[in-house]
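# fold the following and give me the result.
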Amino acid sequence: MNFYEQSTNQKKVLFVCIENAGRSQMAEGFFRKYAPKGYEPVSAGTKPTPEINPVAVEAMKEIGIDLTEQKPKMLSNEMIKDSILSVNMGCMDKTECPALFMKNTVDWNIEDPKGKSLDQVRKIRDNIEQKVREICKTLE
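Residues are numbered from 1 along each chain as shown. Predicted coordinates for the structure are as follows:
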């Protein structure tokens with residue numbers, strides 16, 4: 001049984017990007033830290049990669065959030081149906097963009113950390129943290 005299946009009584013906020021390897025994984029980590037009681041994050045992608053971006057993992061580790069146990073997941077109809085809010089991290093691919101499939105969507109338009117330096121990923125990480133904190137305030 002995976003994490004998604006374990007806690008079905010929680011209100012789910014879905015964070016998505018194409019590969020589920022950087023932005024959406026960082027957002028899931030921050031939401032897990034800051035979410036009000038009764039909420040849980042789920043992240044997924046339309047074309048998940050085999051592993052999380054190691055630079056994103058390093059950037060999050062620096063601030064005490066461990067992503068090493070998280071795995072990229074395929075976006076499913078169940079995830080979309082079960083979420084109260086879907087956050088599109090900012091894809092530009094019009095054929096694979098998760099926002100095409102989701103309901104109650106917010107688009108954050110965040111730069112993809114893929115191929116970026118650690119310094120660049122830190123800026124992306126900090127932007128994601130700020131946006132997650134803002135969303136958590138609206139859920140309280």
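# what residues of the longest helix seen in the chain count as buried?
Longest helix in the chain, counting residues (DSSP state H): helix 118-139. By neighbour count on 16 or more other CB atoms under 10 Å, the buried set for helix 118-139 is 121-122, 124-125, 128-129, 131-132, 135-136. C-beta coordinates here come from the backbone N, C-alpha and C atoms, glycine included.
# between those residues, which is closest to M74?
Nearest to M74 among those: I128, at 21.4 Å, using CB to CB.
# list the contacts for that closest one?
With contact taken as CB atoms under 8 Å, 6 or more residues apart in numbering, I128 is in contact with 23, 26-27, 30, 89, 108, 110.
# got a winner among the residues you listed for most neighbours?
R23 (33 neighbours; other CB atoms under 10 Å).
# which residue packs closest to that residue, ignoring adjacent ones?
Leaving out its chain neighbours, the residue that sits closest to R23 by CB to CB, 6 or more residues apart in numbering is M89, at 3.9 Å.
# swap in E19?
Sequence neighbours aside, T49 is the residue nearest to E19 in space, at 4.6 Å (criterion: CB to CB, 6+ apart).
# quick one: residues contacting that neighbour.
19-21, 72 are the contacts of T49 under CB under 8 Å, 6+ apart.
# and what of Q10?
Applying CB under 8 Å, 6+ apart, the residues contacting Q10 are 38-40.
# show me which of those are buried.
The neighbour-count test (16+ other CB under 10 Å) marks 39-40 as buried among these.
# redo the contacts of I128 as JSON lines? Include pLDDT, distance to K116 and secondary structure.
Below are the contacts of I128 laid out as JSON lines (pLDDT from 0 to 100; distance: CB to CB, whole Å; DSSP: H, G, I helix; E, B strand; the rest coil):
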{"residue": "R23", "pLDDT": "97", "distance to K116": "11", "secondary structure": "helix"}
{"residue": "M26", "pLDDT": "98", "distance to K116": "12", "secondary structure": "helix"}
{"residue": "A27", "pLDDT": "98", "distance to K116": "16", "secondary structure": "helix"}
{"residue": "F30", "pLDDT": "98", "distance to K116": "18", "secondary structure": "helix"}
{"residue": "M89", "pLDDT": "90", "distance to K116": "14", "secondary structure": "coil"}
{"residue": "W108", "pLDDT": "91", "distance to K116": "17", "secondary structure": "coil"}
{"residue": "I110", "pLDDT": "93", "distance to K116": "12", "secondary structure": "coil"}
